[in-house]
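> task: produce atomic coordinates for the following.
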Amino acid sequence: MPATKIAIPTRLISHSLKNSIPVIAQMGATGIQLDVMNETEELSSRTAQKHFLKLLSQHGLSIGTTFLGLTRPLTDEETLESQITKIKNGITLSFSLKVNVLTTHIGPLPEEDAKEHPVLVEVLNDLARHANHTGVTLALTPMNESPVKFVQFLDKINQGPVALNFDPASVYAAGHSPSEEYQAVYKKVSHVIVRDSVRQLDGAGLEVSFGEGDVGWDEMFALLHEGQYEGWMTVMRTQGASIQDDLVKTVQAVNLKTLNYWQ
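Below you'll find the model as predicted:
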């Protein structure tokens with residue numbers, strides 16, 4: 001098996017894009033996750049992109065995946081065209097940067113009998129067709145749906161590859177079993193988010209420091225290895241007073257826990 005591929009999102013580092021690279025290299029990661037909507041102003045030309053890739057290489061890093069955060073669901077009629085344009089631009093930039101997985105959310109899935117349902121299928125087929133021409137795979141993240149239900153919907157997309165962005169902490173927070181869900185959909189997973197969570201008394205999920213939550217990560221890493229997962233794992237921490245320190249601790253913990261699997 002290949003070595004563990006651990007990425008840190010540059011958007012979580014309190015530096016400019018280029019200045020975040022040496023910081024991430026020192027944090028023990030082997031790659032970055034780049035925000036293709038909010039961090040690409042200095043990557044607008046092919047020359048700038050080449051220089052950026054060279055900078056990454058000099059620090060022993062590569063771009064694991066790209067990320068595009070939508071502000072409205074893909075079922076929103078008023079913003080649909082602009083959202084499609086953003087995703088297609090993100091796919092094109094990912095291809096230019098030699099990245100083959102773009103992660104994004106599409107919002108909650110509409111019910112089968114809702115008018116938005118066939119529209120979303122058509123939109124995703126259009127995006128998958130565009131991605132297919134570049135060799136980029138869209139890795140989509142469920143909202144509160146179980147990954148099994150989400151993959152059943154993705155099976156309707158047949159114009160190009162679409163995959164699952166698997167976030168065990170969110171799966172757990174939504175009331176599902178990460179290990180059971182993963183075993184059912186692992187062939188569709190092309191990216192994994194590493195973070196931890198707990199369920200509060202009111203049933204809501206809360207992100208916590210890695211290792212302090214209730215996500216069974218020891219079992220998850222064993223399942224990832226058993227399923228021969230070879231993609232990137234992006235460590236995540238969106239809350240807390242010491243995000244950067246928490247990211248370092250997560251990288252260290254993942255390396256330790258996967259030592260006998262991917263190293």
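> ranges for the strands of the chain?
Shown for the chain, the strands assigned by DSSP state E span residues 6-9, 31-35, 62-68, 101-105, 137-141, 162-166, 189-194, 196-199, 205-208, 232-235.
> local confidence estimate at residue 263?
You'll see residue 263 listed with a pLDDT of 60.
> ok, residue 126 next?
pLDDT at residue 126 comes out at 96.
> give me the neighbour count for it.
The burial metric for residue 126, expressed as a neighbour count using other C-beta atoms under 10 Å, is 16. (Each C-beta comes from the backbone N, C-alpha and C, glycine too.)
> could you do the one 5 residues further on as well?
Neighbour count for residue 131, taken as other C-beta under 10 Å: 27.
> tell me the contacts of it?
In this structure, residue 131 makes contact with 91, 102, 137-138, 160-161, judged by C-beta atoms under 8 Å, 6 or more residues apart in numbering.
> quick one on the thing from earlier: ok, which of the strands of the chain comes nearest residue 17?
Across those, the minimum distance to residue 17, taken as C-beta to C-beta, is reached by strand 31-35, at 7.9 Å.
> the closest one vs strand 189-194, what angle?
100 degrees (axes from the mean of the first three to the mean of the last three C-alpha atoms, to 10 degrees).
> who touches strand 31-35?
Residues outside strand 31-35 that contact it (C-beta under 8 Å, 6+ apart) are 5-11, 17, 20-21, 24, 40, 56, 61-69, 97, 99, 103, 232, 234.
> now that strand: mean pLDDT?
Taken as a whole, strand 31-35 has a mean pLDDT of 97.
> give the bridge partners for the nearest residue to residue 29 once chain neighbours are set aside, please.
Nearest residue to residue 29 in three dimensions, chain neighbours excluded: residue 8, at 4.5 Å (C-beta to C-beta, 6 or more residues apart in numbering). The residues paired with residue 8 through beta bridges, assigned by DSSP bridges, are residue 32.
> please consider this matter closed, and thank you.
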